[in-house]
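Colleague: Got a predicted structure here, sequence first:
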Amino acid sequence: MEGKQKRKPNWTSDESLALASLVDDYKHILRRKLNPSLTSDMKTRAWGEVSQKLCAMGVGPSRTPAEVEKKWHNIFSNSKSEISSYRRTVSGTGQSVIVLHSAINLIGYIKLTVDLTDDVLGSTKSSVMASRDEAQHVVECDLCQQPVSFFCRRCGVNLCDPCVLIHLRVKSKNGHDIVDYTSKDDDDTCHCDSHPQNDCSAYCKTCETPICMLCVTIKHKSHEISELSDKIEELLKVIATENDRLQSFKHELERILEHTTKLLSSISSIYQLRKDEVTARGEEWHKQIEEIVKKLHQELDGMQKEHETVLKKQKEKFEEMVWKVNEINGKTRKLQKSKNVKEMQSFVPVIQKQESLSDVSKYSFPKLYEYKIDEYLENKLKENELSGRILSEIPTVSTVIDTGFPADETKSRLFDMAVTDDNKVWMGGASSELKLFDLQGHHHHTVSITNTGMYLCMYNKQVVYSGTKALRMISDTDTVVTMFTTGDWDTYGVTSAASGDLLVCLRKDDQNKVVRYSSTGTVLQEIQYDSQCQPLYKSAYYITENVNGDIIVTDWEKNAVIAVDRLGVFRYSYSGKDTKFDVCSVATDSVGHVVVTDYKGVKIHMLNRDGRFLRYIIPEGGINKPHAVCILGDGEMMVGECLTGIAKKIKYLEE
């Protein structure tokens, strides 16, 4: 039968896959319906080009355009049937999609399965797209950006319904494990990298990886092996420790977040107060400074906007950190019930690099630039602030008091003093006693205390001193009463505030801060960092409050006077006029002068309320190693010489 035509071989998988790829290239013609801009002739020519390109690829015998078109329609029809059958199987059993390998053998070469979505999955796609409109974010398939339905655990790939078939066609040394997307995180097993079909049951210390029993006898035979449970326990301990570290500062983080939120809500009133202060000073000097006041208002308005933005960003940051800590806690709890060592190993560096509370701090406001007014009218302001008084050219000493305190190992005797309402002075020195003197130098009373009288102040007409991690008060019956304790923090300088609170310098290890306490020990405010989140203090010793609300501290390690405003915002720092400056104690008078004792410089520094140097106060006869200082009123101060134990009453203002 010479005239009989020989039958062409069947289509191979490679040939069918090539056809699917070519049809995908022409789908804008072949998959669309006929319309005035798309004629049947155009489709015929397209099938002809597909046939020619398929022949040129050399994956099979030459096929006519009609044969190519017929084969494609068969593929399309079979694909629809397979996907429908697959969806019925999964929805009925909830099983992993690995069972579809038989289907893949039939139609796994179909690259255009995505195009079947409108034909087979129309209702599903519509419901998913509807939910997309309702939700803020829909997870998409990693292959085609359609809404996700499944997840391959072995490859970590999100998949939609059609792309499952395409993905299973891809060869992988670890195989595939496809599950419903909602259960992608439910895997509690650890699969062997070398034998994905096996679960890990041991741990190779040499290679630092979990392995299966087959690996123990082959690839890792000569390695150091341990029980998988031992490694799990070790990793869980690390994770638990790190989680505890993060949780330990969660409460403090939330407290700072709450404080930041309150600051943000009150910032308008705070800046309005600042505006009022500037306006009051402008009215005091009338038209001379009207333009300066307007300029300051503009600066403050700009600062307000800037700080509102900063605080909002900080609030968002703290909210994000709280959310992250909660998320890590949830992950930790989950891993504590898991045996997935690889997931634990990957989680350890994640949790270790999370920020701690020490990496963050609350934002504070920079200083108000009111000094511009003072610079402009400096001389007139000095006259006004002195209320008719002038600085003495040579301050005079009217009283000398020998306190009688013994010398300690450093030969120091007199440390601090506090003035009573009836113009007497409590003095503390190198003994477990406090002594009360009048301004003429007469000794009136002595009380015993629990430690040396290093830091004193008057509070509600009673003398208060810093004890060991506590603040203590001398009662009317001369007994020592503990007002409150400060936990792990050591107490240093203490002063009473105009608000009726107590301001205390605290130290723990290398941390220093100022805390505002109520009389019962309730923490009302903490001042520790500047606007750049850097520590304000390195070694805070003595403290006082100025008439404008500034909180002024002497820092012995920085060798400086550091002032913040009533909100804890940095105002200024003063480090003396020469290299001999050795800051010790600090006090303020009724018009806002800041008086600082200079231990090695053997003089007193006087500053204005903005920290600008005014003059030295060196009394006649000089002063030896000044340490303690307090303001008496009527233009007088009491200064204590540390080494001699002598206190001198000095007149520094005159009528």
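Modeller: Received it, and whenever you're ready, just let me know what you need.

Colleague: Where does pLDDT dip in the protein?
Modeller: Within the chain, the stretches with pLDDT under 70 are 1-6, 76-137, 173-174, 187, 281, 284-285, 287-293, 356-390, 655.

Colleague: What is the longest helix seen in it packed up against?
Modeller: In the chain, with assignment by DSSP state H, the single longest helix is helix 290-335. Applying 3 or more Cβ pairs under 8 Å, 6 or more residues apart in numbering; DSSP states H and E, we find helix 290-335 packed against helix 228-248, helix 250-284, helix 341-352, helix 371-376. Heads up, the C-betas are built off the backbone N, CA and C, glycines and all.

Colleague: so how far is stretch 337-351 off the chain centroid?
Modeller: Averaging C-alpha positions (Cα atoms, centre = their mean, to the nearest Å) puts stretch 337-351 24 Å from its chain's average.

Colleague: and the next element down the chain from the longest strand seen in the chain?
Modeller: Using DSSP state E, we find that the single longest strand of the chain is strand 390-402. The helix or strand immediately downstream of strand 390-402 is strand 414-419, counting by DSSP states H and E.

Colleague: which residues sit against that next one?
Modeller: Residues outside strand 414-419 that contact it (Cβ atoms under 8 Å, 6 or more residues apart in numbering) are 403, 405, 425-430, 452-458, 463, 542, 585, 627-632, 638, 640-642, 644-647.

Colleague: and the next helix or strand after that strand with strand 414-419, angle?
Modeller: Downstream of strand 414-419, the next assigned helix or strand under DSSP H and E is strand 424-429. For strand 424-429 against strand 414-419, the angle between stretch directions is 160 degrees (axes from the mean of the first three to the mean of the last three Cα atoms, to 10 degrees).

Colleague: what sits up against strand 424-429?
Modeller: Residues contacting strand 424-429 (Cβ under 8 Å, 6+ apart): 403, 405-406, 412-420, 434-439, 444, 452-456, 458, 463, 465, 628, 630, 632, 638, 640, 645, 647.

Colleague: can you rerun that using 6 Å?
Modeller: With contact meaning Cβ atoms under 6 Å, 6 or more residues apart in numbering, strand 424-429 is reached by 403, 405, 413-419, 434-438, 453, 456, 463, 638.

Colleague: Also stretch 44-61?
Modeller: 8, 12, 14-15, 18, 22, 26, 29-30, 62-63, 65, 68-69.

Colleague: Using a markdown table, lay out those together with neighbour count, distance to M606 and secondary structure.
Modeller: Converted to a markdown table, the contacts of stretch 44-61 look like this (neighbours: other Cβ atoms under 10 Å; distance: Cβ to Cβ, whole Å; DSSP: H, G, I helix; E, B strand; the rest coil):
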| residue | neighbour count | distance to M606 | secondary structure |
| --- | --- | --- | --- |
| K8 | 12 | 109 | coil |
| T12 | 12 | 100 | coil |
| D14 | 12 | 95 | helix |
| E15 | 20 | 98 | helix |
| A18 | 20 | 94 | helix |
| L22 | 22 | 92 | helix |
| Y26 | 16 | 91 | coil |
| I29 | 16 | 92 | helix |
| L30 | 19 | 94 | helix |
| S62 | 11 | 106 | coil |
| R63 | 20 | 103 | coil |
| P65 | 17 | 103 | helix |
| V68 | 22 | 101 | helix |
| E69 | 20 | 101 | helix |
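
Colleague: Going by distance to E233, which of the residues you listed wins?
Modeller: D14 (51.0 Å; Cβ to Cβ).

Colleague: In contact with the closest one: list those residues for me.
Modeller: Going by Cβ under 6 Å, 6+ apart, D14 touches V59.

Colleague: any idea how far S518 is from it?
Modeller: As judged by Cβ to Cβ, to the nearest Å, D14 and S518 stand 83 Å apart.

Colleague: what does S172 give?
Modeller: Plainly put, S172 is 66 Å away from S518 if you go by Cβ to Cβ.

Colleague: one step back: what's the angle from the longest helix of the chain to helix 341-352?
Modeller: Going by the same axes, to 10 degrees, helix 290-335 makes 160 degrees with helix 341-352.

Colleague: Just want the angle from helix 290-335 to helix 250-284.
Modeller: Interaxial angle, helix 290-335 versus helix 250-284 (the same axes, to 10 degrees): 180 degrees.

Colleague: what is the orientation angle of helix 290-335 with helix 228-248?
Modeller: For helix 290-335 against helix 228-248, the angle by the same axes, to 10 degrees is 160 degrees.

Colleague: Let me see the ranges of the strands in the stretch 551-655 of the chain.
Modeller: 551-555, 560-564, 570-574, 583-588, 594-598, 603-607, 613-617, 626-633, 636-641, 646-654 (DSSP state E, counting those that start in this stretch).
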